[in-house]
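1. Below are the sequence and a predicted model for it; my questions follow.
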Amino acid sequence: MTDRKIWLSSPAPTGEDKAFRFGWNEALPIGNGSIGGMVYGDPSDDIVQLNEDTIWYGCGGRNRVNPLAKDNWQKCRELLLEGRIKEAEELCEKALYAIPDQERFYDTCGHVSLKFDHGEYSGYRRELDLENAVCRVEFTSGGNRFEREYFVSFPDQVLIVHQRSVDGAPFSGRLELVPSCVEALRDVCEAGNFVEVKEPEDGCRYCVMAAADWKGFGWSDGSATVFENVTELTVYLTIRSDFHGGDPRKWCSEKLEAAQALGYEAVRARHIEDYKGCFDRVSIELDGEDRSGVPTNERLKDAENDPQLVQLYFDFGRYLLISCSRPGTRPANLQGIWNKDRNPAWGSKYTININTEMNYWPAGVCDLSDCEMPLFEHLKTMLPYGQKVAQDMYGLEGFCAHHNTDLFGDCAPQDRWLPATVWPMGAAWLCTHIKSHYEFTGDKAFLREYIGILKEACRFFTGYLFEYSGLLLTGPSISPENTYIHPSGEKGCLCVGPTMDSMIVREIFESCLEYSKLLGVEDELCDKIREMLPKLPKPSVGKHGQIMEWFEDYDEVELGHRHISHLWGLHPSNQLTYEKTPELMKAARVTLERRLANGGGHTGWSRAWIINMWARLRDGEKAGENVNALLSRSTYPNMFDMHPPFQIDGNFGGAAGIAEMLLQSQSGVITLLPALPKKWASGSAHGLKARGNVSVDLEWHDGRLTRAVLRSNLGGSFSVALPDGAKFSTDGDLKSRTENTLEFCGEKGFRVEISV
């Protein structure tokens, strides 16, 4: 097994200058789903920048719907149908944009300053151990060796910094909590110190509290904790906001007291055991030269020739999901939980016209479906606000959200930006994750809990869709962030019937019917959906041989646009497949080739989506090329995704794409190694998850499968495509066989072994 560590040979630059800002992309992330830290690792002047997932501007939900919207949204539609694009968009800006136009945004909560008396140093190494979720710094100073560790415990809800002298040499220094907000109340005592912050403008109140243990002598000087001639230091830190209710200061005090009573070694052991219970479920190994002795930032420069760097990137994606989205926390936002700015790019919100959804693409296939639960809990938060937006903005029943939401579940339009703002599909896309989660887990209790939300999303579209030329279209809407050229010569964003909308509506309508029948909860809504489904437009092929992005075959202004929304049916959906729609698969390939030939994939998350699309097209070489491009062009030294700036969706989308190249199951048949590049000629994978809750182990050599073991975690049946020349054995039953597709059935835990 190769070394699963990201490591750098120097600290991340610190200081309140440009170096601090850019050094953040060299710092290493630690987290437990709610508390996040960025480790800089300077031997003498270290900082850990801090976040907590509920520290946002504002306090509680708002109704931002424009009071003019209800009487004007259909007028916008009429203008669009008449080809009066400019007038429609002017009316949209006046009547449909929300007031105020901005949702709340994510915040930071300062940093821990750790100053030590170390002078010049050598032998420096800073690493993130992905197998144990522990960050380490090692260095020599004054002829003595020192080790520092950082981690955030989910069981004990504390961030730990621990330094020891390997050879017993004493060291001295000071610990200080530095808030991001000047309006901070601060206390310092011998046990540690805390900062309590009240954000301006009706913001939240939160507490950051630390305590320290040491072997030696320490005291408080009124502003910081000072330690002198100690050989070992442990800092315990925790954060809590009033979003959770109760007294944040009391909560923090109790967590620190409990962690100190356990002690560093016990807290560390509990942390690693809990984390490995998630991380060890899945692994992949790609054969190649072992370059783990080369710093990761140097390896990124030659990603094309380093298959094990792909393996490391995949592991980092899983590490990040475990570290920023755990049951009971908020869902991963645009930056997971790691954000250094008080006013971050795009508010570091939940952007739901792809980015939040992409965050959870790895969850099912990487056997981390439990890490997806915060997304579903957030749907519950959004539901009442989305129902009010549907009623107040459109005069309709059901659940509607636009292209962003925030901590408080805001569903009204966000921004004043025509290419994105008025797009009523956000709740619907999020609800497709209900389907995906159920497909991977088979959890009927989950399905029963969330089918009501799915139905409310469907209910909105039974009123919002309108009939045109015998088909049911959405509108006013947009194809996310793209611009078309109308036959009149006008450029437009606002439109009716964009392809992606119809694909999403089809997905939730079909899911609603299937799961209502499964659970025995069919109703009048289902009858209405059955009536409407045949009238939904299907994807069409345009004049360039491409999948049409809009209802009409418009040309687009930006041929290399970062969004490829009209291929939503290829990925993440499975409406386009070689088995069912071969001509549309050809058109999907043309679409992708045109985008890339004109500069597409220039943002990290877009490149990640493209990997998944090439995998669905079963083109391993193209998928592999784009993995290499993601690593070499869109990855920071700490392996964070580069939009730029940092967005975590590229990390998650990239990890999902790597898995998609090794295993697919979206069409009801498990396909092994569907898009394997030549440079991944030999390797193995363990624990990947196929739909139907089937665990899959794979081994391959010289580009060919040699062995696979499939285990049914539910029982029942599953189908698998058998490679040419393969043999199989099973302790279940062979239910049916069609050409190379075999269907097996059996009791829970039954196995199928395939060998070539």
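-> Here it is on my side, so go on.
2. what about the stretch 201-350 of the chain, any weak spots by pLDDT?
-> Across the stretch 201-350 of the chain, the ranges flagged by pLDDT under 70 are 201-202, 222.
3. quick one: contacts for the closest residue to residue 639 other than its chain neighbours?
-> Among residues not flanking residue 639 along the chain, residue 316 sits closest, at 5.1 Å (Cβ to Cβ, 6 or more residues apart in numbering). For glycine as for every other residue, the C-beta is placed from the backbone atoms N, C-alpha and C. By Cβ atoms under 8 Å, 6 or more residues apart in numbering, the residues touching residue 316 are 6, 130, 639, 651, 655.
4. now do residue 402
-> 389, 411, 412, 413, 414, 421, 422, 423, 424, 426.
5. Could you pull up phi and psi at the residue nearest to residue 639?
-> phi -60, psi -40 (degrees, to the nearest 10).
6. And it, how far from residue 662?
-> 17 Å (Cβ to Cβ, to the nearest Å).
7. Could you look up the SS state of residue 51?
-> strand (DSSP: H, G, I helix; E, B strand; the rest coil).
8. Mind listing the residues bridging to it?
-> For residue 51, the beta-bridge partners are residue 36 (DSSP bridges).
9. likewise the one 5 residues further on?
-> Beta-bridge partners recorded for residue 56 (DSSP bridges): residue 106.
10. Show me where the stretch 151-300 of the chain has its helices.
-> 248-262, 264-279, 296-299 (DSSP state H, counting those that start in this stretch).
11. Would you format the ones you listed as a markdown table with distance to residue 619 and mean neighbour count included?
-> Listed next are the helices of the stretch 151-300 of the chain as a markdown table, based on distance: least, Cβ to Cβ, whole Å; neighbours: other Cβ atoms under 10 Å:
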| stretch | distance to residue 619 | mean neighbour count |
| --- | --- | --- |
| helix 248-262 | 50 | 18 |
| helix 264-279 | 30 | 17 |
| helix 296-299 | 25 | 19 |
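12. Can you add distance to residue 751 and give the ones you listed back as a markdown table?
-> Output for those, formatted as a markdown table (distance: least, Cβ to Cβ, whole Å):
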| stretch | distance to residue 751 |
| --- | --- |
| helix 248-262 | 40 |
| helix 264-279 | 23 |
| helix 296-299 | 37 |
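13. Out of those helices, which gets nearest to residue 523?
-> helix 264-279 (37.9 Å; Cβ to Cβ).
14. before we move on, back to that, closest to residue 674 out of the helices of the stretch 151-300 of the chain?
-> The closest of the helices of the stretch 151-300 of the chain to residue 674 is helix 264-279. By Cβ to Cβ, the value is 25.0 Å.
15. now stretch 577-597: mean pLDDT?
-> Computed over stretch 577-597, the mean pLDDT rounds to 96.
16. which residues make contact with that stretch from outside it?
-> 539, 541-542, 544-547, 559-561, 564, 566-567, 569-570, 575-576, 601, 610, 613-614, 617-619, 666-667.
17. Now with 7 Å, please.
-> 539, 541, 544-547, 559-560, 564, 566-567, 570, 576, 610, 613, 617, 667 (Cβ atoms under 7 Å, 6 or more residues apart in numbering).
18. which among these end up buried?
-> 539, 541, 546-547, 564, 566-567, 570, 576, 610, 613, 617, 667 (16 or more other Cβ atoms under 10 Å).
19. What ranges does the stretch 151-300 of the chain have for its strands?
-> 158-165, 171-178, 184-189, 192-198, 205-220, 225-241, 283-286 (DSSP state E, counting those that start in this stretch).
20. want to throw these into a markdown table with distance to residue 27?
-> Converted to a markdown table, the strands of the stretch 151-300 of the chain look like this (distance: least, Cβ to Cβ, whole Å):
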| stretch | distance to residue 27 |
| --- | --- |
| strand 158-165 | 14 |
| strand 171-178 | 15 |
| strand 184-189 | 23 |
| strand 192-198 | 21 |
| strand 205-220 | 18 |
| strand 225-241 | 16 |
| strand 283-286 | 26 |
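21. show me where the stretch 451-600 of the chain has helices.
-> 499-519, 524-532, 582-597.
22. other SSEs contacting the second one?
-> With contacts defined as 3 or more Cβ pairs under 7 Å, 6 or more residues apart in numbering; DSSP states H and E, the secondary structure elements packing on helix 524-532 are helix 444-464, helix 499-519.
23. How far off centre is the first one?
-> So that's helix 444-464. Per Cα atoms, centre = their mean, to the nearest Å, the displacement of helix 444-464 from the mean C-alpha position of its chain is 23 Å.
24. How about stretch 289-306?
-> 25 Å.
25. and what of stretch 164-175?
-> Its chain's C-alpha centre and that of stretch 164-175 lie 39 Å apart, by Cα atoms, centre = their mean.
26. before we move on, what about stretch 593-608?
-> For stretch 593-608, the distance to the chain centre is 19 Å (Cα atoms, centre = their mean).
27. Can you list the buried residues in it?
-> Neighbour-count burial for stretch 593-608, counted by 16+ other Cβ under 10 Å, picks out 594, 595, 596, 600, 601, 603, 604, 605, 606, 607, 608.
28. One more: stretch 628-639?
-> Quick answer for stretch 628-639 (16+ other Cβ under 10 Å): 628, 629, 630, 631, 634, 635, 636, 637, 638, 639.
29. Same check on stretch 96-107?
-> For stretch 96-107, using 16+ other Cβ under 10 Å, the buried residues are 96, 97, 98, 102, 103, 104, 105, 106, 107.
30. For the last one, give its distance to residue 241.
-> The spacing between residue 107 and residue 241, counted by Cβ to Cβ, is 10 Å.
31. what do these two both touch?
-> When Cβ under 7 Å, 6+ apart defines a contact, the residues bordering residue 107 and residue 241 alike are residue 55.
32. returning to what we had before: which of the buried residues of stretch 593-608 sit farthest apart?
-> Using Cβ to Cβ, the pair of the buried residues of stretch 593-608 lying farthest apart is 594 and 604, separated by 20.7 Å.
33. how about residue 420, what does it touch?
-> Contacts for residue 420 (Cβ under 7 Å, 6+ apart) come out as 353, 403, 478, 480, 481.
34. Try it again at 10 Å.
-> Residue 420 sits next to 351, 353, 402-404, 413-414, 478, 480-482, 493, 563 when contact means Cβ atoms under 10 Å, 6 or more residues apart in numbering.
35. Where does it fall, secondary structure wise?
-> Following DSSP states H and E, there is no helix or strand that holds residue 420.
36. Quick check: pLDDT value at it.
-> 96.
37. next one: residue 488
-> The score at residue 488 is 89. That number is its pLDDT.
38. mind putting the buried residues of stretch 96-107 in CSV, distance to residue 332 and pLDDT included?
-> CSV is the format used below for those (distance: Cβ to Cβ, whole Å; pLDDT from 0 to 100):
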residue, distance to residue 332, pLDDT
96, 29, 98
97, 27, 98
98, 24, 98
102, 21, 95
103, 17, 96
104, 17, 94
105, 15, 93
106, 11, 95
107, 16, 92
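39. Alright, that wraps it up for me.
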